[in-house]
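**Q** What would the 3D arrangement of this be:
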Amino acid sequence: NKHDYCFLMGDLNLGMWMEMQRKDIERALLCDKFDRLLSFDVLNMESFQRRSFDEFEEMRITWGATYRFNVGSHVFDTRLPECMFRLHGGTKFEVISKLFVDI
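**A** Below is the predicted model of the structure:
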């Protein structure tokens with residue numbers, strides 16, 4: 001570890017495990033049940049199972065999903081909505097307090 005801090009940010013659109021049905025995802029989004037949704041999130045599952053991203057921490061997600069329009073129309077894309085822009089951080093120091101910034 002040559003670096004004191006490392007931030008991984010961007011379009012980490014890895015999606016949801018397919019065990020969750022579209023209607024359940026849409027219902028959870030309408031009710032702001034983000035914790036339930038994130039329990040099925042591929043990025044969180046990879047981290048929990050220590051396959052990747054396990055040395056990073058993610059700020060609590062409190063915003064809804066993002067949607068895309070079909071090109072040249074006012075119609076939403078039919079793919080499942082996902083939390084797109086995410087920020088993960090890691091440090092080799094013991095963290096006393098956390099500061100998260102809205103992007």
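
**Q** Pull out the buried residues from stretch 20-30.
**A** Going by neighbour count (16 or more other CB atoms under 10 Å), the buried part of stretch 20-30 is 20, 25, 28, 29. Quick note: C-beta positions are derived from backbone N, CA and C, even for glycine.

**Q** Check those residues against residue 46 and report the nearest one.
**A** Nearest to residue 46, judged by CB to CB, of the buried residues of stretch 20-30 is residue 20 at 16.2 Å.

**Q** Can you check the pLDDT for the closest one?
**A** According to the prediction, residue 20 has pLDDT 76.

**Q** mind checking how far it is from residue 55?
**A** 27 Å (CB to CB, to the nearest Å).

**Q** picking that back up, out of the buried residues of stretch 20-30, who's nearest residue 51?
**A** residue 20 (19.7 Å).

**Q** how about that closest one, what does it touch?
**A** For residue 20, the contacting residues are 37, 40, by CB atoms under 8 Å, 6 or more residues apart in numbering.

**Q** Could you check how far it is from residue 52?
**A** Distance of residue 20 to residue 52, computed by CB to CB: 21 Å.

**Q** How about residue 6?
**A** 14 Å.

**Q** Spell out, range by range, the strands that occur in the chain.
**A** Along the chain, counting by DSSP state E, strands occupy 5-11, 57-58, 85-91.
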